[in-house]
Each structure stands twice: as C-alpha cells, then as structure tokens.
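K.L.:
the sequence and its predicted three-dimensional model are supplied below.
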Amino acid sequence: MPPRKPTKNRDINYLSKDFDSIKLDLINYLKKYFPNSIQDFNDASGGMAIVDLMAYISDVLNFQMDRSVNESFVTRAVERKNIIALADMYGYKTKTVVPATAYMTLSATFQNTISADTMFTLRKGSRITSSVEPANFEIIDDADFSNVDNRSFISNDGVYTTYALSGVRAVAGRTKTFKYQVGSQPRPFLSITLPDRSISEITSVIASDGTEFYEVDNLATDVVMIGDSNVSDNSDNAENILKIKKVPNRFVMEREPDGTLSLRFGSGDSTVEDSELIPNPDDFVLPPKLRGSVSGFAPEAVDSTNFLSTKSLGNRPSPNSIITVQYRVGGGVDTNVGADVLTNFVEKRVSFNNSTATDTYPNETKVIQDSIRIKNTMAAFGGEEAETNASIRQNAINSINSQNRCITLSDYKIRSMSMPSEFGKPFRVIAKKDPYKNSGIALYLISRSSEGKLQQTSGLLKNNLETYLKPFRGVTDSIRIADGNILNFGVNFSIFPSAGFNQQQSLVKAIYVINNFFDIRKMDFGISISLSDLLRNIQNLEEVAAVPYMKIVNLTGTVDGREYSSYSENIDNITKNNIMYFKPNVIPELKYMNFDIQGSIA
C-alpha cells in the first residue's frame, strides 16, 4: 500500500467571529489557495454570493454558541427563564410580588341583655377593600369577639354596648381554589401548573383521599417545622411549641418566567414498600465457598430507575384522586395603602358562636351584623414587586456560600430579602458591623409606599425580620434593625437647545432623561452617582446642544405642602470630582419628578 500523501497545512484564522471579518478571511483564503480558479471577487458575482452565505452561517453559529455559553452562567444569562432556572439550581428561590400586610381593628355593637349569647366570629376569608385606593385585602385569622384578650370597651349608652377587637391580620390579595384530576396511571414527579399569575402563597394542598401535601425547599427534605398550641399550665410566655414533623407527602414550587407557578410532587408510591423496589444489600454477599468459584451465581441486577420510585423524594398523589390547591393571588408595592383606608367589606363571613342565635334573636343578630365596622389603624406594610433579573443574579450568587446560615454581612442581606412574602419585604437592606457592639450586626431597612415613594419601615415588619433571622444567625451575633436614612434631593439645571428644535420639547426630553437616571429602582444604600454620566446622557440628546448649569440641592421637611425626609446632607461635601458619595446607611431619592426637577432655557 503506497504511503498516504501528507495533507498540506492550511493557514486558518480561528479568531474571526463576526460577518465582516469572516467574509474577509474567506476572500483571503480563496486568493491564497485558489488564485487561478477564483478571480472574480465582485460583490455581484455568484461566487461572492456563496462567500456571503458562508459568512452569514458562520456568524449565526458563532452567535448561538456564545449565547449558549452565556446562558449557562447566572452572571451572564439574559433570558429570564434561564436566570430563574440557574438561581433555582444554586438553591435560591426567586421572589414574585409580595403582598402587603395590614392589622385591622374590628368593632361591633351588641344589645346589653343578649350580648353574651350573640358573640360572633368574623371568619378568615372575609374580604375588605379600600375606600380611596384600588386595593383588596383578605382576613387570614378568625376574629373571635368572645376572646377578651384583644377586645376593648368603647361605649355603653345603657341599651347598646360597642366593643372593638384589635390586631386582626389581613393581607393583600384574594384566596382562590384550583382542582386537578389525577389520571388512572401513576405519574412520578407530577407537575401541576396553576392558572393565575402573581401568586404570593400556597395556603393548602389536599387530595380527595384526605392526604395533605406540605411545601418543602426540595423534594429530598422530608421534615417541616410546625407550631402546636401550648395548652400546658407552664406556658413560659410561648404561644406555640415548635415541633419537627416528617412529611412523606410533599411538593416544591417552581416559578416560571411568565409569572405562573407549578407544583411538583414526589415519585414514591405510598402503597409499595421501598424494600420491594431495592434489593437487600445482604443478597449481594456470596457465601465463602462460592466466592471465586466458577460454579458460583451472579446476584440479580439492580434497575437504577427503581430508586426514583422510592419514597426518598416523597410520595406522588394517588391515582384518580382530586387535588385541591388553595392559593393567594395579588400583591405589589401599590398594596402598601395608607392608614384608615381599608373600611369597606366586599365579603363578610360572620359565624355566631351560639348556633341558634340567628333563630332566637333574628332582629338583634341582624343589627349586630350591620353594625360591624373595620379599619386599618396603621398603614399596610411589606408589599413589594417581583425581583428583577439583576436582583436574582446577585442574590443567587450570594446564596451559594451562605448554606442556610448567616456568616458574612452579605449573608444577612440576602437572608433578609429571602423572608417569606407573607411577613412582608423591605425595599432595600444593607448589613454593616454594629458600631455599638463588637460582634453585632446592624441592618438598615427602607420600604416603599403604595405610590412607590421611600418610607421608613414599620415596626411590625422589623419584628418579623428579627424573628426570621434568629435561626440563621451566628451564636455570638446580635442583630440590631434600624431605619436607613432617606436623602431627598432636587435637580436645578439649564440647557442650550439645538438649532431647529422646539425649546420646550427639548427641556421636556432633558427632564425625562434626569428622571430615568434617578429612577428609584436603580438606587441603593451607599450608592455613588456620577453627575458626569448624567450630563453626558442629557448632551447626547440631539435636541440639546449644551448643559451650562446643573446643581443638586437637598430637600427636607415640608415644601409647598410636599413632605420630604428630615435627613439633611451638604451635597457639596459629599461630591468629589463630580461624583456624589452617599453614606452606607443613606439612600437618595428624587421624590416628586414634576416638582423636584427645575429646568430652564439658558
């Protein structure tokens, strides 16, 4: 056999990745290796059409390869579905809209002679709406008027007595029910997609055979923490006793990029023992006389797929059962309504403690039901929008090393933002070393009102956060939760409009650029803001020739009826080289765009 003719080495450039550079490389390649065969490099020739197509295909392939690589890393991914999937892989559960929480005061008037027999309970699920803002809330705890712990006396005119019951908890949104029919064939890892978006909480999942499913972080987790009422004489000021409960029936929540939510169940069959699926390890030990013997026997092969049918990842729903899912929909920053606005009942669920009261006292019970009044004595708190892509990326990265415990300052920040939505959510959090304690952690919080304006965080949300962080903190760490400072400011500027453009339109566009530059969603504690970038953005407008004057001014107190934060700062002192540097516990806010941006034509 004659020797193989050696292949001639080709000079190939592997660095070109875009259309133009690939096309140039192809032309140079043809000129170098096919100088006699191909000489027409006119763009109108058929040969150049083929070169263009090859460059086009190569450019598309390069783009797809780069995109595939980028979408594999949470720091580079662009598509929201990939960001959510990668964050979930890192163990970080993304947050959707968070509903606000409000504490209500309930009042009712009773006739003195029969008040004991007509005490009633306002059942959870009763719905309230705002009298001035489009917000709906739902009571999530039964309000029992026979419970004297929170009941207070208001007035007695000799005939009627009015009582008030405080501390009735309500959350924004509405509870809905979804039923799913399980098929006749067992389905491991069954997934159920709920029909609504903006689901803030799953309240219960119960099958028609009586099986209750519990939410867990992952299907490998087989226990949950529950609280049983403490009925012992020695209560030790503890309302509930914390217990660990094994939950063979469980599910995980999977959030989709379009806002929908899916429930995924386990794969185990509750009617089959695991020992029937996985052989006993003792069966694989050969007797001594057969070890190494040609006449020995081979153990039965193990089907690895059987491991997925065990109960280690939870049980699947029974065939032909009906799964009833109750969930709550609604939330967002616009549910942080002000005080004394939740006053109208949409649905009133009243149950008298004496079941015969409505028959015995029909007129009196009707008067009582008509007299029921409700009101939120303080502003609702904790409502927040869904996480942005940038927030998911950062929180997912920081959650990798935290391992469900708080060691670093970043751990405390991420854990604070991960508090379950039913307890509220601050808008921004920053963790710093507590200057007053050697091993202390200081958390500074800021929340938002229903109008999207920054405001101090309510005491209730702070208490919830402090309770939530206790299991995750270090043994020697102490946590101090404080309010961050809001620095309200205004922008005074002037422009030279470009020739041929309307002056007022040029000014309006410049104001729009400033408002977008200081969008509150871009602000954070301790941020640095480059005024040079702001000037550049304005001057990039074709309607603007120059910006001869710009000054940032601090706004405090009450100005023309508008309320600003009382925190003040000398803007000149915190500005160096045209960059504003804010303190770690200070967040800037351009509060009123229509008033705080003052522009003029130079």
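P.N.:
Now that the structure is in, tell me what you want to look at.
K.L.:
okay, strands next: where are they in the stretch 201-350 of the chain?
P.N.:
212-215, 223-229, 240-246, 250-255, 261-265, 322-329, 342-347, 350-352 (DSSP state E, counting those that start in this stretch).
K.L.:
tell me which of these lies nearest to Ser532.
P.N.:
Checking the strands of the stretch 201-350 of the chain against Ser532 by CB to CB gives strand 250-255 as the closest, at 39.6 Å. Any C-beta I mention is one placed from the backbone N, CA and C, and that applies to glycine too.
K.L.:
quickly list the domain ranges of this protein.
P.N.:
19-70, 101-173+330-376, 175-228+241-275+311-329, 400-483, 486-601 (automatic domain parsing).
K.L.:
start and end of the last one, how far apart?
P.N.:
Put plainly, it is domain 486-601. Start-to-end span of domain 486-601 (CA to CA, to the nearest Å) is 31 Å.
K.L.:
which helix of the protein spans the most residues?
P.N.:
helix 46-70 (DSSP state H).
K.L.:
and that one, how far out from the chain middle?
P.N.:
How far helix 46-70 lies from its chain's middle: 39 Å, per CA atoms, centre = their mean, to the nearest Å.
K.L.:
residues of the helix or strand just after that helix that come out buried?
P.N.:
Scanning forward in sequence from helix 46-70 by DSSP states H and E, the next helix or strand is helix 80-89. Judged by neighbour count (16 or more other CB atoms under 10 Å), helix 80-89 contains these buried residues: Asn82, Ile83, Ile84, Ala85, Leu86, Ala87, Asp88.
K.L.:
what sits up against helix 80-89?
P.N.:
For helix 80-89, contacts defined as CB atoms under 8 Å, 6 or more residues apart in numbering pick out 71-74, 77, 93-94, 254-257, 389, 392-393, 395-396.
K.L.:
what about the helix or strand following that helix, distance to the chain center?
P.N.:
With elements assigned by DSSP H and E, the helix or strand that comes after helix 80-89 is strand 101-111. Between the centre of strand 101-111 and the centre of its chain there are 31 Å (CA atoms, centre = their mean).
K.L.:
what packs against strand 101-111?
P.N.:
Packed against strand 101-111, as judged by 3 or more CB pairs under 8 Å, 6 or more residues apart in numbering; DSSP states H and E, are the following elements: strand 160-172, helix 362-371, strand 373-376, helix 459-469.
K.L.:
just the C-alphas of it, formatted as CSV.
P.N.:
Extracted C-alpha coordinates of strand 101-111, given in CSV (Å, rounded to 0.1, in the frame of the first residue of the first chain):
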residue,chain,number,x,y,z
THR,A,101,-49.9,43.1,55.5
ALA,A,102,-52.3,45.2,57.5
TYR,A,103,-53.5,45.0,61.0
MET,A,104,-57.2,45.8,61.4
THR,A,105,-59.4,47.0,64.2
LEU,A,106,-62.9,45.5,64.2
SER,A,107,-65.9,47.0,66.1
ALA,A,108,-69.4,45.8,66.6
THR,A,109,-72.4,46.9,68.7
PHE,A,110,-74.3,44.5,71.0
GLN,A,111,-77.6,44.8,72.9
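K.L.:
is the residue nearest to Ala602 when sequence neighbours are not counted bridged to anything, and to what?
P.N.:
Once flanking residues are discounted, Ala602 sits nearest to Ser494: 4.2 Å by CB to CB, 6 or more residues apart in numbering. Per DSSP bridges, the residues bridged to Ser494 are Tyr549, Ser600.
K.L.:
and Ser494, what does it touch?
P.N.:
Val547, Pro548, Tyr549, Met550, Gly599, Ser600, Ile601, Ala602.
K.L.:
what's the answer for Met253, then?
P.N.:
Lys93, Ile202, Glu215, Leu261, Ser262, Leu263.
K.L.:
one more pass at 10 Å, please.
P.N.:
88, 93, 96, 194, 199, 201-202, 215-217, 261-264, 327 (CB atoms under 10 Å, 6 or more residues apart in numbering).
K.L.:
Val159: which of these is nearest?
P.N.:
Glu201 (43.7 Å).
K.L.:
quick check, pLDDT for Pro35.
P.N.:
Note on Pro35: pLDDT of 86.
K.L.:
which helix or strand contains it?
P.N.:
Judged by DSSP H and E, Pro35 forms part of no helix or strand.
K.L.:
the strands of the stretch 201-350 of the chain: which one's closest to Gly459?
P.N.:
Across those, closest to Gly459 is strand 342-347 (CB to CB), at 18.7 Å.
K.L.:
quick check: closest non-adjacent residue to Val553.
P.N.:
Gly490 is the one closest to Val553 (CB to CB, 6+ apart), at 4.9 Å.
K.L.:
check contacts around the spatially closest residue to Asp222 that is not a sequence neighbour.
P.N.:
Sequence neighbours aside, Lys246 is the residue nearest to Asp222 in space, at 5.8 Å (criterion: CB to CB, 6+ apart). Contacts for Lys246 were tallied using CB under 10 Å, 6+ apart; they are Tyr214, Asp222, Val223, Val224.
K.L.:
now render those residues as TSV, adding distance to Met417, pLDDT and neighbour count.
P.N.:
Below are the contacts of Lys246 laid out as TSV (distance: CB to CB, whole Å; pLDDT from 0 to 100; neighbours: other CB atoms under 10 Å):
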residue	distance to Met417	pLDDT	neighbour count
Tyr214	24	92	19
Asp222	27	85	17
Val223	25	81	13
Val224	22	79	15
